[in-house]
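Make a model of this:
(2 chains)
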Amino acid sequence: MGTFKMYLEFSRKSFQRAAAYRFDVWTRIVGNVLFLFMWGFIWYGLYHGKSSVEGVSFQAMLGYILVSQALQGIHGAGTPLWEIQERVRTGDIAMEMLRPYDYTTRMLFSDFGGIAFYFITAIVPLYTVLFLVLNPVVPTSLVQLGLFVVSVILGYFIRYCIELTFGLFTFWLVETGGVEDIFYFSISLFSGSVIPLWFFPGWLEQVARYLPFQAIFFIPNSIFVGQLTGPAIWYAFMNQVIWLLVCYLILRLVWNRASMKIVIQGG
Amino acid sequence: MSLIEVNHLYKEFKIARRQEGLGGALRSLFHREYSTRMAVQDISFAVGRGEMVGYIGPNGAGKSTTIKMLTGILVPTSGEVRVNGLVPFQERQKNARQIGVVFGQRTQLWWDLPAIESFELLKQVFQIPDARYRQNMATFSDILGLEEFLDTPVRQLSLGQRMRADIAASLLHDPVILFLDEPTIGLDVLAKERMRKFIREINRERGVTVILTTHDMNDIEKLCRRMILIDNGRVMYDGELARIKEMFGKERVLIVDLEGEVNGFSIAGAEVIKQEGNRKWLRFNREAVTASQLINHISEHYEIRDLTIKDPEIEVMIRHIYEKGIGSYEGACL
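Numbering: from 1, shown residues only, chains lettered A, B, ... in the order given. Reported below is the predicted structural model:
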């Protein structure tokens, strides 16, 4: 109980920290909306007046893009990759080992705080308006909405594990630009965040399906617009849970290796 | 039993050797050669409860490496470390609850938030009871004048204020031992004085054992009775500061400014310990040679523009111990 309260305090502090940078929220939201319109217009152009492509209506595609941008906004409000890399480089991360808590859990709760602030002050008001005005496809039942939320949460944890793992690679690298590029490339392409996997060429879709990134955005987005229904949802959940376990185990392994490196080599 | 015990401590680092040229860079992707560096070799000492010890040495002497092993974030290559009965690296988190650490070069406070927020976070992290937290905050605010900037974001604090907040943060959970790594670095004279006063007070009033590393010899002189001097990872001296002063008690330093061109300056009966252009620092034993004799000697060969006689500064004494070892002094002076 005391432990939970301690971790929750990290969420509170991160919330306050996010609040201290209100201007940052505005710049983020402007960027987020710019991308939203960019992708919106691209898809509008691609549909070219057709009511559906490969069985997906334009309204569904619009819902997909809207919910994807909203989720990307939420994910982006957590501790960014460069900040983790910075903490490793400066050795601040070693100092955290002098605290009676688990570093990866403390970072997770810090993430919650930043995300909560951005979610309440920006995402909810903005996307409520957008959804009402643009009239896209949305979940038609509470069950569908509930499944979507569960899937979002699973996807969130997967992204968290992957991003922190990539950040910790800094321990073994002098130059981290490459790692950053790989991360951002994968998270924007393979996750289906801007182009749904069903529009991928066959071979690329196969590749993407065997990577963890699709479990972050593609699965929840597809549930949201009703492209994933019935038993397929349960397979998708299984997919997410397995990837979460795998990514979590990799994170623990990398963190253990990193802490070993700190205590043996001094970071 | 001593609070801190260090026995035959060694720490060896593996350093990847850089290979030259493009070919070397490619080769190092697959195969790396390593060399080893001994950061700490055969260090032993014990510190009793309530002591305040200065741990000093030049950059790269192994000070921080030792401190890190005492805090538990570094594992010794061999040897034994015990802090209040615990082996730090085996029980790092348990050890963390009984020690406070301040690294002058970095902060444990949240940069973007007012200092008070970091204190509240530490209260949760160390599960400090409400009453104790309030009591400690009151005491520290009183001595360190924290109220005036408690609500200011840490990034806007002056270095002096930030250090005060940092040291308070390290003591909130009532540690038995406080490790201070260059706590006065970059501070102005007044801020240094204030910091020292606080360190003295928590040592005296709360009985907190303090291990202090610093490059500022005034810190040592004003705070520590005992000092451990290390160089190249080895202990050069461990004992009372007063004893070192005594050893050098018969020594004086004559500083002369000479006129004209001076080449290969040397003088019988004194040793040149430092020179900057025509200004020479000469160390001499006042029982072997008097100052006036020495001045006469010099003026026979050179023209003196100005001169001063001083007691050797601790810094000078320490530099000498580094260069010559303590042994030569024990023989010569005691």
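
A:Leu173 touches A:Ile182, doesn't it?
No - taking contacts as C-beta atoms under 8 Å, A:Leu173 lies outside contact range of A:Ile182: 11.7 Å. (Each C-beta comes from the backbone N, C-alpha and C, glycine too.)

Chain A contacts on chain B?
B:13-14, B:65, B:68, B:71-75, B:89, B:92-94, B:96-97, B:99, B:101, B:103, B:106, B:108, B:110, B:112-113, B:117, B:120-121, B:124-127, B:153 (C-beta under 8 Å from any C-beta of the partner chain).

Which ones among the residues you listed map onto helices?
Of the residues of chain B next to chain A, the ones assigned to helices by DSSP state H are B:65, B:68, B:71, B:92-94, B:96-97, B:117, B:120-121, B:124-125.

quick one: which of the residues you listed is nearest to B:Leu190?
B:Glu117 (27.1 Å; C-beta to C-beta).

who's in contact with that closest one?
A:Lys13, A:Gln16, B:Trp110 (C-beta atoms under 8 Å, 6 or more residues apart in numbering or on different chains).

Relative to chain B, which residue of the stretch 101-250 of chain A is the closest?
Using C-beta to the nearest C-beta, the closest approach of the stretch 101-250 of chain A to chain B is made by A:Tyr101 at 6.5 Å.

so that residue, which of the three states?
coil (DSSP: H, G, I helix; E, B strand; the rest coil).

Could you report the neighbour count for residue 187?
Just so you know, I chose chain A. 20 (other C-beta atoms under 10 Å in any protein chain shown).

Actually, chain B is the one I wanted.
21.

so how far is chain A from it?
21 Å (C-beta to the nearest C-beta, to the nearest Å).

Quick check: that residue touching B:Leu159?
Yes - counting by C-beta under 8 Å, B:Leu187 touches B:Leu159, with 6.3 Å between them.

where do the strands sit along chain B?
Assigned by DSSP state E, chain B shows strands spanning B:4-17, B:33-47, B:52-56, B:78-83, B:99-103, B:177-181, B:209-213, B:226-231, B:234-240, B:251-258, B:271-276, B:279-285, B:304-310.

Direction included, what does the last one pair against?
The strands that strand B:304-310 pairs with in its sheet are strand B:251-258 (antiparallel) (by DSSP bridges).

So A:Asn135 sits against A:Gln59, correct?
Yes - if you go by C-beta under 8 Å, A:Asn135 and A:Gln59 touch, sitting 7.1 Å apart.

More neighbours: which of these two?
Per other C-beta under 10 Å, whichever of A:Asn135 and A:Gln59 has more neighbours is A:Gln59, with 16 against 11.

Now do the same contact list for the more buried one.
Here A:Gln59 is in contact with A:Asn135, A:Pro136, A:Val137 (criterion: C-beta under 8 Å, 6+ apart).

Dump these into JSON lines; add pLDDT, secondary structure and distance to chain B as well.
Formatted as JSON lines, the contacts of A:Gln59 follow (pLDDT from 0 to 100; DSSP: H, G, I helix; E, B strand; the rest coil; distance: C-beta to the nearest C-beta, whole Å):
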{"residue": "A:Asn135", "pLDDT": "90", "secondary structure": "coil", "distance to chain B": "40"}
{"residue": "A:Pro136", "pLDDT": "93", "secondary structure": "coil", "distance to chain B": "37"}
{"residue": "A:Val137", "pLDDT": "92", "secondary structure": "coil", "distance to chain B": "40"}
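
Which one of the residues you listed is nearest to B:Glu303?
A:Pro136 (94.4 Å).

tell me the centre residue of chain A?
A:His75 (3.9 Å; C-alpha atoms, centre = their mean).

On the C-terminal side of the helix or strand harbouring that residue, identify the next helix or strand.
Secondary structure assignment for A:His75, by DSSP states H and E: helix A:58-76. Downstream of helix A:58-76, the first helix or strand assigned by DSSP H and E is helix A:81-90.

A:Ala77 is in contact with A:Arg17, isn't it?
No - using C-beta under 8 Å, A:Ala77 is not in contact with A:Arg17; the gap is 11.3 Å.

Show me the common contact partners of those two, please.
Joint contacts of A:Ala77 and A:Arg17 (C-beta under 8 Å, 6+ apart) are A:Gly114.
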